[in-house]
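Asker: Got a sequence here, can you build the structure:
(3 chains)
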Amino acid sequence: MRIARTFQTAPAAVPKENTAKYLDSALDATGFQAPDWLVPDIEDGTAPDMKAEGLENTVDRLAGGVEFPGEIWPRVQWAYDDERLRSQGETEIRTLVEEVGETLTGVVVPKVGRVADVERALEVLAGAEADAGLPEGSLELSVIVETAAARSDLREIAMLGESGRLAGMIFGPVDYTAELGGRAIDGDRPRWDGLLEALSNEASANDVVAIGGPFDKLFAERAGVTYYNAPAYADQVEREAAVGLDGSWSLYPKQTVQANRVHMPTVEELERDVSKIERFDAAKAEGTGAVTVDGQMVDEATFKNFANTVEAVRTIHARHPDQTGEVYDDDLLSRALELDTDWRR
Amino acid sequence: MRIARTFQTAPAAVPKENTAKYLDSALDATGFQAPDWLVPDIEDGTAPDMKAEGLENTVDRLAGGVEFPGEIWPRVQWAYDDERLRSQGETEIRTLVEEVGETLTGVVVPKVGRVADVERALEVLAGAEADAGLPEGSLELSVIVETAAARSDLREIAMLGESGRLAGMIFGPVDYTAELGGRAIDGDRPRWDGLLEALSNEASANDVVAIGGPFDKLFAERAGVTYYNAPAYADQVEREAAVGLDGSWSLYPKQTVQANRVHMPTVEELERDVSKIERFDAAKAEGTGAVTVDGQMVDEATFKNFANTVEAVRTIHARHPDQTGEVYDDDLLSRALELDTDWRR
Amino acid sequence: MRIARTFQTAPAAVPKENTAKYLDSALDATGFQAPDWLVPDIEDGTAPDMKAEGLENTVDRLAGGVEFPGEIWPRVQWAYDDERLRSQGETEIRTLVEEVGETLTGVVVPKVGRVADVERALEVLAGAEADAGLPEGSLELSVIVETAAARSDLREIAMLGESGRLAGMIFGPVDYTAELGGRAIDGDRPRWDGLLEALSNEASANDVVAIGGPFDKLFAERAGVTYYNAPAYADQVEREAAVGLDGSWSLYPKQTVQANRVHMPTVEELERDVSKIERFDAAKAEGTGAVTVDGQMVDEATFKNFANTVEAVRTIHARHPDQTGEVYDDDLLSRALELDTDWRR
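Answerer: The predicted model follows:
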């Protein structure tokens, strides 16, 4: 199981004294503030006249490797309908792979169109990898699904996951809404529930990671006081987690904290599912295929959902014991780590 | 019009003195407690160490035919990603078809993957049928849609309905949620509305029956009292009926009663639609293409929806006059049976 | 950007003294009462025994051209599963194209099935166009998506938009619900949200116009008073606009007024988005790629959504300055017309 709870974009260059200010803080983040996937953003997060500096900053900060606890995935420029942008993207990919390819997990390519456009991006990446002398397949591709064409070809794009190189699909609701001519009549864009359900499905069918879109209303105001919009972001992330997305997009360290937390089972979920497995085990001693625990029929399929909760905690624990230690009490964590989650044991 | 209001699974073997206890009661059920489709369950409802006995019970109870008023559809073992299970499933299919093929309408195959896996199941069934000396096409196949791969290929799988052998597609939300990594954060699994809409559509496009998934929270507790969770199950079945699913999954005799009832037009619906047709007929005498009845524009398309209600009642009445007699009063039923529902009359 | 806010069907013949009464009033409508697309309806809106007269009325009223400010799109008879209806439809198409082809933008074909059926309709139209001596491609086709088969092939049908002849896809919820066996258990048909989202996407991916379905509960009653059901229709149109449909179906002049209005940005939206662009421009002077305006992160993608609002107003203004003049005050309209909406300026 791969960890991709958070996909945090950090502008690769900003008009501050230290133009890599946000990139630097993201690379230094620890604990729940460190994203599982850090995305130095040379695309929309960096101003048109600072793209070159964004690329330089990224190469400079990653050269020679970093201590960062997660995966590093720069986002380059690209658009299925703009050859100039694709050519800039190719140059950015080649530079990144040549200079810091060993520090990267892969690159993120935005605004892909139909499946042929994603194949084009895969070829560019494979070419850059070969030219840099890296082992074949060492770099992965993630794409942002934010055009009508990519949504139309989502099933075919996801099937490229079989190649082993396509690793992630991320929703881009802002460009997507603009492409479809959607409207925020009452202030909120549509949620595109159908797309999210399909994204989760196609990703799962092809062992690809699925990640939700950014939430851009970072702050809200009430009665004269402006506050960090924690509840609304958490609501979105919970909806994404519920339908099986692996992670959520973060634009901001506090969002990273929240998405890392929401994409871990809650204490209540873990207690509930550990306890259901324990009681199921007791009931199963009687030998029936489906038993009732707390009024719920439990069979192999139900059991798998409980086991998923436990497995998620174990995967996070293996990588970030500080995080599981902070969230779960020792007793519950021990029970979760010791349970036998193999139904056919 | 085929009746498939209820798809009731009954464990084929349980660790009781009479291991066929649930199968026996299901086969004896009458009236609203008798499911339209009875599914002796050799898969998840029967414990791993009782599979052989489940198969024996099924053969034993069905041998020589039964009085049961509905269709009989055993569920065998299968999984697109587990050759051992498929091999057991093939053995189960061959045994069932050889021994009691004439009593079955077909078999239910769970955890199918992409369309090629469903084709594999169709071949196994056709082979078993031929070897048993049954007429070609006498046995049908229904599949449980509960993997990301099957959802991804849903359109292609449904098109196998043209063969005449694929007869039903049933949603399996528990395995499906586990496959996608969905979560019951607040205690409830996602509803997968997009999938249900697609299931209803693809089934209709290919004359295949579509059935919703099981509701496993059989009992609920309030203020110290545990009760049968009638309202929550009825809510789910109503949502399924609204989007055009033909039937719902039942795990329990009371669920069968409820699903059989919900998948019949309500008294209010029948009164409303019979009355609209009657008033439309009067208005139509004036010769216009679209008339307004109770503020609603009624044209040929609207009329078809009213006629659907009447046809559903007629189909159920032809098979179960006791059920229509219990629900509708004589006068309303007579009006429904006598109306001319052919728009082009 | 094409204007298709309203798709108003008008029965082509009704049993009144002037059988073209509704067609005549629609052709005479002005201001917000004039639909962007007017659809003389020879199909479901005209009674079976008045089809010939409906065709005659349409030809008669359109012969020699009309003053009407929008596009004219007659709806003919057709059904993927009824050869007799298709043959009548072909005759109607040939008559319309031959007699008044120069006054039409195209024809609307209902009840199409899989993509092959739409290709058949395209061929019929191309043949009629050639035989009438009109330039190739002068007539467009729009189809009503109202069968399970068309929904199943929606992606492939929309791709015919590349031909340049398929121009619109309109949802037909009443026939669709009847085909799927959906039910209005509590009085309302399902909303088919998944279909609408897909319709918007596939239309956008292929530069085809997408239009929502009719709302047939024209009138409602409360405490003994019957009223025009303005709120419920507006709710539906707002949902359609939010997900990016270009327009909505109207059955009635008041519905046309409402849909024309809803498919224009509201005063609040225009004020909000003009102001965001203005403040973004000021902030951008500092040179960053993404800035925060009112707590919302604004980058190129966000900007596009604001620009969409402004572009929509400009498109409507170019065609109907009376309508923009009525809705927006002079100052706001001037700001909207003068802004630079090109991000890369």
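Asker: Is chain B within reach of the one helix or strand A:Ala241 maps to?
Answerer: Per DSSP states H and E, A:Ala241 falls inside helix A:230-242. Yes. Helix A:230-242 comes into contact with chain B (C-beta under 8 Å from any C-beta of the partner chain), by way of A:Glu238, A:Ala241, A:Ala242. Using the backbone N, CA and C atoms, a C-beta is placed for each residue, glycine as well.
Asker: Quick one: which of the residues you listed is the most crowded by neighbours?
Answerer: Neighbour tally across the residues of helix A:230-242 next to chain B (other C-beta atoms under 10 Å in any protein chain shown): the maximum, 23 neighbours, falls on A:Ala241.
Asker: before we move on, back to that, and the helix or strand that the helix holding A:Ala241 is followed by, what does it pack against?
Answerer: Next along the chain after helix A:230-242, taking DSSP H and E as the criterion, comes strand A:248-250. Secondary-structure packing of strand A:248-250 (3 or more C-beta pairs under 8 Å, 6 or more residues apart in numbering or on different chains; DSSP states H and E): strand A:6-11, helix A:230-242, helix A:253-262.
Asker: Looking at the ones you listed, spot the one closest to chain C.
Answerer: The minimum distance between chain C and those falls on strand A:6-11, with 5.8 Å, by C-beta to the nearest C-beta.
Asker: Give the ranges of residues in chain A that sit below the confidence cut-off.
Answerer: For chain A, applying pLDDT under 70 flags the ranges A:286-290, A:344-345.
Asker: cutoff 90 now
Answerer: A:1, A:47-49, A:163-164, A:185-187, A:279-303, A:340-345 (pLDDT under 90).
Asker: any idea how it splits into domains?
Answerer: A:6-262, A:267-338 (automatic domain parsing).
Asker: What about the residue of the stretch 1-150 of chain A found nearest chain B, how many residues nearby?
Answerer: Going by C-beta to the nearest C-beta, chain B is nearest to A:Met1 of the stretch 1-150 of chain A, at 8.7 Å. Neighbours of A:Met1 under the rule other C-beta under 10 Å: 12.
Asker: Skipping adjacent residues, who's closest to it in space?
Answerer: Here the nearest residue to A:Met1 in space, its sequence neighbours aside, is A:Thr315; by C-beta to C-beta, 6 or more residues apart in numbering or on different chains that works out to 4.5 Å.
Asker: doesn't A:Ile3 make contact with that neighbour?
Answerer: Yes. A:Thr315 is in contact with A:Ile3 according to C-beta atoms under 8 Å; the separation is 6.2 Å.
Asker: Which one of those two is surrounded by more residues?
Answerer: Remark: of A:Thr315 and A:Ile3, A:Ile3 carries more neighbours, 21 against 15, as counted by other C-beta under 10 Å.
Asker: Would you mind naming what in the stretch 1-150 of chain A lies close to chain C?
Answerer: A:11, A:13-15, A:41, A:44-50, A:146-149.
Asker: all helices of the stretch 51-200 of chain A, in order?
Answerer: Assigned by DSSP state H, counting those that start in this stretch, the helices in the stretch 51-200 of chain A fall at A:51-62, A:83-100, A:115-131, A:148-152, A:154-159, A:173-180, A:193-205.
Asker: Now A:Arg261: closest residue in space that isn't a chain neighbour?
Answerer: Spatially, and ignoring its direct neighbours in sequence, A:Arg261 is nearest to A:Phe32 (6.4 Å; C-beta to C-beta, 6+ apart).
Asker: burial of the closest residue to A:Leu180 other than its chain neighbours, as a residue count?
Answerer: Of all residues not flanking A:Leu180 in the chain, C:Gly244 sits nearest, at 3.4 Å (C-beta to C-beta, 6+ apart). Using other C-beta under 10 Å, the number of residues around C:Gly244 comes to 26.
Asker: pretty sure C:Gly244 is touching A:Ala178, no?
Answerer: No. The pair C:Gly244 / A:Ala178 is not scored as a contact, 9.3 Å apart, by C-beta under 8 Å.
Asker: coming back round to it: out of the domains of chain A, which is the most enclosed?
Answerer: Each of these was scored by mean neighbour count; the highest is domain A:6-262, a mean of 21, by mean count of other C-beta atoms under 10 Å in any protein chain shown.
Asker: Now do that one: distance to the chain's middle.
Answerer: Distance, stretch centre to chain centre, for domain A:6-262: 8 Å (C-alpha atoms, centre = their mean, to the nearest Å).
Asker: and the end-to-end length of that domain?
Answerer: 10 Å (C-alpha to C-alpha, to the nearest Å).
Asker: ditto for stretch A:97-104
Answerer: Start-to-end, stretch A:97-104 (C-alpha to C-alpha) is 8 Å.
Asker: Stretch A:149-166 too?
Answerer: From its first residue to its last, stretch A:149-166 covers 18 Å (C-alpha to C-alpha).
Asker: can that stretch be found next to chain B?
Answerer: Yes. Judged by C-beta under 8 Å from any C-beta, stretch A:149-166 comes into contact with chain B through A:Arg155, A:Ala158.
Asker: my read: A:Ala184 touches C:Asn305, true?
Answerer: Yes. Assessed by C-beta under 8 Å, A:Ala184 is found in contact with C:Asn305 at 7.1 Å.
Asker: which residues do those two both contact?
Answerer: Each of A:Thr177 lies in contact with both A:Ala184 and C:Asn305 under the rule C-beta atoms under 8 Å, 6 or more residues apart in numbering or on different chains.
Asker: Export the domains of chain A as a markdown table, with columns for distance to C:Leu139.
Answerer: Output for the domains of chain A, formatted as a markdown table (distance: least, C-beta to C-beta, whole Å):
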| stretch | distance to C:Leu139 |
| --- | --- |
| domain A:6-262 | 25 |
| domain A:267-338 | 54 |
